[in-house]
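Student: Everything below, folded, please.
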Amino acid sequence: MKRIPTRLLTALVALLFVGCTHAQDTRPNILVIMADDLGFADIGCFGAEIQTPNLDKLADNGLRFTQFYNTAKCHSSRVSLLTGLYSNQAGQESLSRGITTAQVLRNAGYFTAMTGKWHLKDQPTDHGFQRYWGHLSGACNFFTGDNTFRLNGEKWVVPRDEGFYTTTANADWAIKFIDEAKTKDKPMYLYMAFNAPHYPLHCLEEDYRVYEDTYKPGWDTIRKARQAKQKELGLFGNEYLTPAPRPDHVKPWDQLNVKDKYWESQRMAAYAAMVHRMDLEIGRVLDHLRKNDMFDNTFVLFVSDNGACPFDRTRGKQHRPWDPKSYWCYSPGWAHVGNTPFRLYKQNQHEGGISSPAIAHWPAGLKTEPGSITDQPAHLIDVMATVIELGNTSYPEKDHQGRLEPLQGKSLVPILNGESREPHDALYFNFSVNRAIRVGDMKLVSFRSSPWELYDLSTDRTELNNLAAEQPELVKSMGDSWHHWAEHVNLMTEKQRRPVKETMQKPNF
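Tutor: Here you go, the predicted model:
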């Protein structure tokens, strides 16, 4: 028998060892999907009439969170999702006092990629993402883009004459990055940050036609239908939840004239078409994972960066929403529908601003019953701790600059395992002069520096019964806690954390 040379034998053993090592790497792929300005009730499995079969299927086979929180604003939610810190604490858009999920997972052997909206300083490739396609801006024309598009750190020119649509391209590049991840023979971390359905309300005509008659009954009727569907879905379990009424700044639908009713139904149809298309593109990405035998061991988390947006900045109204010259937004009436059953909107720290529709899905690892719903509170700051645990790695004590703020989030894994997670001692919120703190089921919140309002979310999730006058001591202690956090943890300036005013500010959108 011919003897195998020692050098060749050593190489064969090394290859065998590498193969065995890889075979034992059962860490999941991680896919985090963030929608932009999507209200709590804007997808089917959270109450909408909008067709979102792919997200609904994830919910039917996964886990829905009914108390999952964001920061009520685009950029700060992205900071918290990526760093596990509160936004100001992390250095806001600069991320100067934080480290990203991509950096942590890349160091742990993951292939890291991102598509879509960045909305922070520098580029994703400066913060741990090995691959990136998307735009650095906070919003852009969905058909013609802008000059901030990048591919792996280099300028990328939008092909304006080739039927480009940002939402579709987002999925196209995600699929390309999945293919590359497959060749790397590593677990994958992919962050898909859709710009949809953020304004301008640009949609494909074929999608618009699906919804062009849907919203003619008006926002009062559609919101009631969403409330009924949420009850049917059992989203909130108990019967205590009383929906917030239509606010004074939104006219009753029957008081609009015929022309205004038609215009309002048109722009909501455009918005629904954008959500519909986002779902279809998510479906393409999920199907690609299935085709590559990656789906079962991919942890998927779907969230939104804030509640529905009430700011109507429409121009180019004379153009159809599939014309790049158009620039539609929708009105507070439809934003109120988007945030069913809650109060207020994006930027506000009431539930309408900070409650995300959130879905977790992971066939190989999720231990809850398919279609389960959890009311355990969670927050975007929990994403970092979760992926650290799933990736079997750790949060560094310091970065290359020698400083790093302590992690604020807590892993979602106990909830994914069907267990009761030890809750946060408190969750804190702020954007501009809107602020809040939640301790247990008690929530203290201020609208645009108005006097503190106090709510017991265990019986009043829609924040209709203000208990501040009845419990002034609790208002003071929770308010003091918020100010301590603002100064010592979130590192806010004295101006940012100035006391609330003595008079109520009237909502005016």
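
Student: Using the record's domain definitions, break the protein down for me.
Tutor: Under the assignment automatic domain parsing, the domains of the chain span 25-416, 427-488.

Student: how about the residue nearest the centre of the chain, what does it touch?
Tutor: To find the centre residue of the chain, average its C-alpha atoms and take the closest one (CA atoms, centre = their mean): that gives S304, at 2.4 Å. Applying CB atoms under 8 Å, 6 or more residues apart in numbering, we find S304 in contact with 34-40, 70, 356-358. In short, each C-beta sits where N, CA and C put it, glycine included.

Student: Identify the bridge partners of it.
Tutor: Beta-bridge partners for S304, by DSSP bridges, are A35.

Student: thinking E389 is in contact with S411, fair?
Tutor: Yes. With contacts defined as CB atoms under 8 Å, E389 counts as touching S411 at a distance of 4.6 Å.

Student: With neighbour numbers in mind, choose between these two.
Tutor: For E389 versus S411, the count of surrounding residues by other CB atoms under 10 Å is larger for S411: 18 against 15.

Student: Where does pLDDT dip in the stretch 301-450 of the chain?
Tutor: Counting by pLDDT under 70, the low-confidence segments of the stretch 301-450 of the chain come to 400, 402.

Student: Can you tell me the element the closest residue to D305 other than its chain neighbours falls in?
Tutor: Sequence neighbours aside, S77 is the residue nearest to D305 in space, at 3.8 Å (criterion: CB to CB, 6 or more residues apart in numbering). In this structure, S77 is located in helix 74-83 according to DSSP states H and E.

Student: what does K57 give?
Tutor: Assigned by DSSP H and E, K57 belongs to helix 53-60.

Student: For that helix, give me every contacting residue.
Tutor: Here helix 53-60 makes contact (CB under 8 Å, 6+ apart) with 43-45, 279-280, 282-283, 286, 300, 302, 359, 361, 370-371.

Student: cutoff 6 Å now
Tutor: With contact meaning CB atoms under 6 Å, 6 or more residues apart in numbering, helix 53-60 is reached by 43-45, 279, 282-283, 359, 361, 371.

Student: can you pull the contacts of A196?
Tutor: Contacts for A196 were tallied using CB under 6 Å, 6+ apart; they are 167, 274, 278.

Student: one more time with 8 Å, if that's ok
Tutor: Going by CB under 8 Å, 6+ apart, A196 touches 35-36, 142, 166-167, 274-275, 277-278.

Student: Is Q227 part of a helix or strand, or is it coil?
Tutor: Using DSSP: H, G, I helix; E, B strand; the rest coil, the three-state assignment for Q227 comes out as helix.

Student: what packs against the strand or helix carrying E389?
Tutor: Using DSSP H and E, E389 falls within helix 382-390. When contacts are defined as 3 or more CB pairs under 8 Å, 6 or more residues apart in numbering; DSSP states H and E, helix 382-390 packs onto strand 29-35, helix 74-83, helix 101-107, strand 298-304, helix 413-416.

Student: Now tabulate those in CSV and tack on distance to P245.
Tutor: Rendered in CSV, the data for the helices and strands packed on helix 382-390 read as follows (distance: least, CB to CB, whole Å):
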stretch, distance to P245
strand 29-35, 26
helix 74-83, 27
helix 101-107, 40
strand 298-304, 23
helix 413-416, 32
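
Student: closest one to S265 among the ones you listed?
Tutor: Across these, the minimum distance to S265, taken as CB to CB, is reached by strand 29-35, at 22.5 Å.

Student: what's that closest one in contact with?
Tutor: By CB under 8 Å, 6+ apart, the residues outside strand 29-35 that reach it are 77-78, 81, 101, 105, 110, 116, 181, 187-194, 196-197, 275, 278, 282, 285, 289, 294, 297-305, 383, 387, 390-391.

Student: picking up where we left off before, which neighbours does the helix or strand following the helix holding K57 have in its sheet, and in what orientation?
Tutor: Next helix or strand after helix 53-60 toward the C-terminus (DSSP H and E): strand 63-69. When pairing is defined by DSSP bridges, strand 63-69 lines up against strand 355-361 (antiparallel), strand 372-374 (parallel), strand 378-379 (parallel).

Student: can you give me the strands for the stretch 401-509 of the chain?
Tutor: For the stretch 401-509 of the chain, the strands defined by DSSP state E, counting those that start in this stretch occupy 427-431, 434-439, 442-446, 453-456.

Student: rewinding a little: and the helix holding K57 with strand 298-304, angle?
Tutor: 110 degrees (axes from the mean of the first three to the mean of the last three CA atoms, to 10 degrees).

Student: Counting by contacts, list what the lengthiest helix in the chain packs against.
Tutor: In terms of residue count, the longest helix belonging to the chain (DSSP state H) is helix 258-291. In this structure, helix 258-291 packs against strand 29-35, helix 53-60, helix 166-184, helix 205-211, helix 219-233, strand 298-304, helix 332-338, with contacts taken as 3+ CB pairs under 8 Å, 6+ apart.

Student: Low-confidence bits of the protein, can you list those?
Tutor: In the chain, residues with pLDDT under 70: 1-24, 239-240, 400, 402.

Student: Kindly recompute the last result at 80.
Tutor: Counting by pLDDT under 80, the chain has low-confidence residues at 1-25, 160-162, 238-240, 398-403.

Student: No more questions from me, cheers.
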